[in-house]
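[1] quick one: sequence and predicted model below, then my questions.
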Amino acid sequence: MASDYNSAQAFKVARHFEFKNGVNVESITGAKTLTYKDSMIQILDTDGAYDINLPAERNGAIFFIKNENVTHSYTVKDAAAVTIATVAAGEGSLFACDGSDWKLVIKA
């Protein structure tokens, strides 16, 4: 007998899953504004210290952003141009949204 779903049950994935167009590797030459149509994983190389602008807040949204440049840092801002974090050359960062604000979760 199958049981009804409730929020206490675990959601199980039987095998790995892939995000369609899930990784974007790009060299940028200016500020970049992300949208929800962009890949969740951004691997960016820059020729300067640019801003990376996240889209408007949406509960549960996440972006992984890796700075591939060995010299320049980038500044991650929310849709209102408020700085969330500065990420140094070679670092990666994970940003998550709670519906009201973007939060820096990990910077390594």
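    Good, I have the coordinates. Bear in mind that the values here come from a model prediction, so they are computed numbers and not experimental data.

[2] for the most centrally placed residue in the chain, give its distance to Y36.
    The residue lying closest to the centre of the chain (CA atoms, centre = their mean) is F63, at 1.2 Å. With distances taken as CB to CB, to the nearest Å, F63 is found 10 Å from Y36. For every residue, glycine as well, the C-beta is placed using N, CA and C.

[3] what does H72 give?
    26 Å.

[4] pLDDT weak spots in the chain?
    For the chain, applying pLDDT under 70 flags the ranges 1-7.

[5] please repeat the previous calculation with a cut-off of 50.
    Low-confidence segments of the chain (pLDDT under 50): 1.

[6] H72 and Y36 - which one has more neighbours?
    H72 (14 against 10; other CB atoms under 10 Å).

[7] enumerate every residue touching that one.
    T46, D47, G48, A49, Y50, A89 (CB atoms under 8 Å, 6 or more residues apart in numbering).

[8] ok so, going back, if we ignore the residues flanking it in sequence, what's nearest the residue nearest to the centre of the chain?
    Closest residue to F63 apart from its sequence neighbours, by CB to CB, 6 or more residues apart in numbering: F95 at 5.0 Å.

[9] where do the strands of the protein begin and end?
    23-28, 32-33, 41-46, 51-53, 62-67, 74-77, 83-87, 92-97, 102-107 (DSSP state E).
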